[in-house]
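K.L.:
how would this look folded up:
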Amino acid sequence: MSKYKGKKVLVVGFGVSGVAVAKYMVRQGAKVTIVDAKQKAELNDSVSACEGLKVEYEFGKHNPKTFLTSELIVVSPGVPLNIKPLEEARTNNIPIMSEIELAISGIKEPIVAVTGTNGKTTTTALIGEMFKADGRSVYVGGNIGKPLTDYLNENQKASVVIAELSSFQLELTDKLVPAAAIFTNLEEDHLDRYGTFQAYIDAKKRLLKVCDKNSFVVLNYDCPNISKFAEENVGKLLWFTKKNPMSVDGAFAEDFIGVYWDSKNKRIISKVTGKEEIYDLSQFKLFGEHNRENLMAAISAARSMGVDPKAIQTVINTFKGVAHRLEFIRKKDGVFFFNDSKGTNVMSVKKSLSAFSTNPIILIAGGKDKGMDYTPLVDLVKKKCKILILLGEAKEKINRAVGDFAETYLVGTFEEAVLLAYQKSRSGDIILLSPGCASYDMFKNYEERGEYFRKLVSQL
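P.N.:
Numbers count the residues shown, from 1 in each chain. Next comes the predicted model:
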């Protein structure tokens, strides 16, 4: 019998994670109430997804009494843990768990967990494709768009679960013991939620703390905020780096275990299994140095879990990237359009701008500010951007930081931004949507923003 049968379970937050939790808990026989501060009209997709389920709803507010009369609270990742009703519930010793923890409690298969500020989705997708190419059944979920709890809802039986985990999803995580944990990089993000960079780092570090001696831990040697995690690591450490380990002063020498980039011959060399393996990148389709980092992280994880090198090379040759991540949309009148709607922080914009070498860039940026400092973009804007088009809640703040270093326009609508970019472009230019901000001031999520950009570009 389910341990949740007859329990009063409160689901806080009614996005895709909340829907997955509600479906699971109803199947387990729980008495489910769903609360969300948004109005019902804003959550039509979620309500439709739960049509026919025996659940109660509270929309438009958080009623403290509902929290305090619950026996278990399951929190969706988008809900801050410091809201007053949750704090009161915690004070009253009401158990609070995350959607990720709920899923983990029912998943028996090995979990490969991927986190970081940027590159999580591409790395997760690459790892998933490598396992598939090796003939293994795989479930890919988490922050990549499909809740982990749906693995339980759909009664799937994979040989391995690949989970992209955001800092929000890691905040209440303590039961996960990953077979492999991958840390892509770590830069300032989500300061509107965490207040300080250190608090954000601490949330990410929860994944490191749940690893045990049998967990493979893949760290980015070139990112100082990540490489220092090695001091606290208890698992089997694997590095990935753009540097030749033989040339790094005493850091690796012959003892290097991991993957590195051979820039002279444009190939990746793996020493994960003790012997040297070479991967050819001549057919790798993704733009930018950052995608070589993502690929090295994925190779480290895949080889640590026994994926065959031939399967890895097949994926290198065929992988086309993920939607909304430096995604080529079309070429019109000699102008190239790229959708990087998933670029929701400053470091992500830097990586995207750096991916292009000589073509002048018209950058469309802005959205809901996350407490970011945009001045790190100054040098790249000077070198790469001929025009900036800024929109959304953050446009004035971005303009103050970088508006003096390119021809800059502040616009009111997304449609105006795309049309103006096209009008100002010349043959050979790149029009790049890389917002550096969240989407919630104008769109439901970054996917909706990216899809709308595609639509507008296709209509030009």
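K.L.:
how about the strands in the stretch 51-200 of the chain?
P.N.:
Using DSSP state E, counting those that start in this stretch, the strands assigned to the stretch 51-200 of the chain run over residues 55-59, 72-75, 96-98, 111-115, 138-142, 160-164, 180-183.
K.L.:
could you dump the ones you listed to TSV with distance to R325, mean neighbour count and mean pLDDT?
P.N.:
Glycine gets a C-beta too; all of them are placed from N, C-alpha and C. As requested, the strands of the stretch 51-200 of the chain are exported to TSV (distance: least, C-beta to C-beta, whole Å; neighbours: other C-beta atoms under 10 Å; pLDDT from 0 to 100):
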stretch	distance to R325	mean neighbour count	mean pLDDT
strand 55-59	33	16	95
strand 72-75	27	24	97
strand 96-98	25	20	96
strand 111-115	14	28	98
strand 138-142	15	24	96
strand 160-164	12	26	98
strand 180-183	17	28	98
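K.L.:
can I get these in TSV with distance to Y409?
P.N.:
Below are those laid out as TSV (distance: least, C-beta to C-beta, whole Å):
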stretch	distance to Y409
strand 55-59	38
strand 72-75	40
strand 96-98	41
strand 111-115	36
strand 138-142	37
strand 160-164	35
strand 180-183	38
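K.L.:
does N291 lie in a helix or a strand, and which?
P.N.:
Element membership of N291, judged by DSSP states H and E, is helix 289-304.
K.L.:
now that helix, how far from the centre of its chain.
P.N.:
The chain centre lies 15 Å from the centre of helix 289-304; the measure is C-alpha atoms, centre = their mean, to the nearest Å.
K.L.:
then stretch 16-31?
P.N.:
Stretch 16-31 sits 24 Å away from the centroid of its parent chain (C-alpha atoms, centre = their mean).
K.L.:
buried residues in that stretch, which are they?
P.N.:
By neighbour count with 16 or more other C-beta atoms under 10 Å, stretch 16-31 contains the buried residues 16-26, 28, 30-31.
K.L.:
if we can go back for a sec, the strands of the stretch 51-200 of the chain: which one's closest to G450?
P.N.:
Relative to G450, the nearest member of those by C-beta to C-beta is strand 160-164, separated by 17.0 Å.
K.L.:
for the closest one, packing partners?
P.N.:
With contacts defined as 3 or more C-beta pairs under 8 Å, 6 or more residues apart in numbering; DSSP states H and E, the secondary structure elements packing on strand 160-164 are strand 111-115, helix 120-133, strand 138-142.
K.L.:
of the ones you listed, which is nearest E289?
P.N.:
Minimum separation from E289 across these (C-beta to C-beta) falls at helix 120-133, 12.9 Å.
K.L.:
can I get the buried residues of stretch 16-31 in CSV including secondary structure?
P.N.:
As requested, the buried residues of stretch 16-31 are arranged in CSV below (DSSP: H, G, I helix; E, B strand; the rest coil):
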residue, secondary structure
V16, helix
S17, helix
G18, helix
V19, helix
A20, helix
V21, helix
A22, helix
K23, helix
Y24, helix
M25, helix
V26, helix
Q28, coil
A30, coil
K31, strand
